[in-house]
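J.: With the sequence up front, the predicted model follows.
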Amino acid sequence: MTLHHRAPARASDLNSLGFAKPPAQTRVVVAMSGGVDSSVVAAQLKSEGYDVIGVTLQLYDHGAALAKKGACCAGQDIHDARRVAERMGFPHYVLDYENKFRESVIDEFADAYLAGATPVPCIRCNERVKFRDLLETARDLDADCMATGHYIQRKTGAGRAELHMAADPNRDQSYFLFSTTQEQLDFLRFPLGHLASKAETRALAARYGLAVADKPDSQDICFVPNGNYAAVIEKLRPNAAEPGEIVDMDGNVLGQHRGVIHYTIGQRRGLGIGGLGDPLYVVRLDPDARRVVVGPKSALATTVVPISEVNWLGDRPFAGEIPVMVRIRSTRPPRPAILRPLDATRAEVELLDAEEGVSPGQACVFYEPDSTRVLGGGWITLRRRKAV
């Protein structure tokens, strides 16, 4: 591993990636998924004169995905990344990370789902594969930094790099990158984070003559065709979809289900127990007893959220009561809360207003109030309720 040391330099002396040397002497590894975002990053950095190396990861058996548009890291995507490298004139490598991906992401996804959680495998992929294993590969290639096509901003704060939300709130990916460590952040670059819209990215792709300029965005988890989680779990864990009882919060049997893996907390439709008056929602999953517990919408309201595996990026010590904004699902806006650390990796978040459908396995991401800065986050563990 090569470490690069340099004396402090004025901002005017630094290149666009923050190094005090010409772009031609700055090596950057670009993580290329084959999509338009990472392709534009690679093309732009090459056009600016940087020493670019493109790397694409083959993450899973892509036989079934070859016919599926919008899945990253499959056969067509590898081909598309290679074409961009050929057009722009920089080396491109494909690394077989199938075993790493299965061990670090897919197996945990299956086990978490079977345990009644609602996992977010894209976060684990960033944390354990792209920003750990691939980042080490970039260091082995003597790169000064690694760049990705994520929509998030890296800014220089009081002596160190800070993580901030993307300029375009509709594209912001900070929820999926909360577990980025300070050491990783120092090495990473996110050239698209400041763009106002995805339209700007596609315009850049067209300017560079990239064939992926109009390529559709990925919509699903890459190894989950058509968003059918249950089908993937059944394939990975045969006999996982064992039937059981649907019960109310007092344990009264209301019906039968075809497997806990087919249900998520907050679900209302598809329960097959109509005609009971007020609507019922899934409020808890009990995979050990093979039970789906349902109740009124009010039973979903939560104000206290236990958090584990905390990654803290704030300047102040991780202690006491910390006012924050939190996002408990990728599709929800940040809400005001109080963060109470319990130890170095565990905390309790008290939401100032109750949220519905807080699910174990989802992430809880912390933001600085009145700022775009990401302070870190953690994983939601078994839910506890506080009276509202």
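T.: It's in. Numbers count the residues shown, from 1 in each chain.
J.: can you give me the strands for the stretch 101-250 of the chain?
T.: All strands of the stretch 101-250 of the chain, identified by DSSP state E, counting those that start in this stretch, fall at 145-147, 152-156, 161-165, 188-189, 244-247.
J.: elements contacting the shortest one?
T.: If I follow you right, that is strand 188-189. When contacts are defined as 3 or more C-beta pairs under 8 Å, 6 or more residues apart in numbering; DSSP states H and E, strand 188-189 sits against strand 145-147. Placement of C-beta: from N, CA and C, glycine included.
J.: Include mean neighbour count when you put the strands of the stretch 101-250 of the chain into a markdown table, please.
T.: Conversion of those to a markdown table gives the following (neighbours: other C-beta atoms under 10 Å):
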| stretch | mean neighbour count |
| --- | --- |
| strand 145-147 | 24 |
| strand 152-156 | 18 |
| strand 161-165 | 22 |
| strand 188-189 | 22 |
| strand 244-247 | 18 |
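J.: and these, which one's lowest on average pLDDT?
T.: The minimum mean pLDDT among the strands of the stretch 101-250 of the chain belongs to strand 244-247 (a mean of 92).
J.: so where's the stretch 51-200 of the chain shaky on pLDDT?
T.: Within the stretch 51-200 of the chain, the ranges that satisfy pLDDT under 70 run 61-74.
J.: Walk me through which strands the longest strand that the chain contains pairs with, and which way each runs.
T.: In terms of residue count, the longest strand belonging to the chain (DSSP state E) is strand 301-312. Here strand 301-312 is paired, per DSSP bridges, with strand 347-356 (antiparallel), strand 374-380 (antiparallel).
J.: orientation of the last one relative to strand 161-165 in degrees?
T.: Think strand 374-380. Orientation check (axes from the mean of the first three to the mean of the last three C-alpha atoms, to 10 degrees): strand 374-380 against strand 161-165 gives 70 degrees.
J.: what does strand 374-380 contact?
T.: Residues outside strand 374-380 that contact it (C-beta atoms under 8 Å, 6 or more residues apart in numbering) are 152, 162-165, 174-175, 177-179, 305-314, 324, 328, 345-347, 358-368.
J.: Go through the longest helix seen in the chain and flag the buried ones.
T.: When the chain is parsed with DSSP state H, its longest helix is helix 75-88. Going by neighbour count (16 or more other C-beta atoms under 10 Å), the buried part of helix 75-88 is 76, 77, 78, 80, 81, 82, 83, 84, 85, 88.
J.: and of those, the nearest to residue 170?
T.: residue 77 (23.0 Å; C-beta to C-beta).
J.: Excluding chain neighbours, give the residue nearest to the closest one in space.
T.: Leaving aside its sequence neighbours, residue 77 sits nearest to residue 34 (C-beta to C-beta, 6 or more residues apart in numbering; 2.8 Å).
J.: partners of the closest residue to residue 185 other than its chain neighbours in the sheet?
T.: Computed as C-beta to C-beta, 6+ apart, the closest residue to residue 185 that is not its neighbour in sequence is residue 161, at 4.7 Å. Taking DSSP bridges as the rule, residue 161 bridges to residue 156.
J.: For the strands of the stretch 101-250 of the chain, could you give me a markdown table that also reports distance to residue 335?
T.: Listed next are the strands of the stretch 101-250 of the chain as a markdown table, based on distance: least, C-beta to C-beta, whole Å:
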| stretch | distance to residue 335 |
| --- | --- |
| strand 145-147 | 32 |
| strand 152-156 | 20 |
| strand 161-165 | 15 |
| strand 188-189 | 27 |
| strand 244-247 | 31 |
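J.: re the thing from before, need the winner for burial among the strands paired with strand 301-312.
T.: strand 374-380 (a mean of 25; mean count of other C-beta atoms under 10 Å).
J.: For the residue found closest to residue 214 once you drop the neighbours it is linked to in the chain, list the residues it contacts.
T.: With C-beta to C-beta, 6+ apart as the criterion, residue 214 has its nearest non-adjacent residue at 7.1 Å, and that residue is residue 202. Residue 202 sits next to 36, 213, 214 when contact means C-beta under 8 Å, 6+ apart.
J.: let's see 10 Å
T.: 36, 37, 40, 210, 212, 213, 214, 215 (C-beta atoms under 10 Å, 6 or more residues apart in numbering).
J.: what about it, distance to residue 44?
T.: Distance, residue 202 to residue 44, by C-beta to C-beta, to the nearest Å: 13 Å.
J.: rewinding a little: of the strands paired with strand 301-312, which approaches residue 221 most closely?
T.: For residue 221, the closest of these is strand 374-380, at 17.0 Å, according to C-beta to C-beta.
J.: Return the distance of that closest one from the chain's centre.
T.: The chain centre lies 12 Å from the centre of strand 374-380; the measure is C-alpha atoms, centre = their mean, to the nearest Å.
J.: for stretch 175-193, same thing?
T.: The answer for stretch 175-193 is 11 Å, by C-alpha atoms, centre = their mean.
J.: in it, what's buried?
T.: Buried-residue list, stretch 175-193, by 16+ other C-beta under 10 Å: 175-180, 184-185, 187-193.
J.: ok, now stretch 290-298?
T.: 291, 292, 293, 294, 295.
J.: Mind checking which of the residues you listed are in strands?
T.: 291, 292, 293, 294, 295.
J.: returning to that earlier point: okay if I get the strands paired with strand 301-312 as TSV plus mean pLDDT and distance to residue 60?
T.: Shown next, in TSV, are the strands paired with strand 301-312 (pLDDT from 0 to 100; distance: least, C-beta to C-beta, whole Å):
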stretch	mean pLDDT	distance to residue 60
strand 347-356	94	33
strand 374-380	97	23
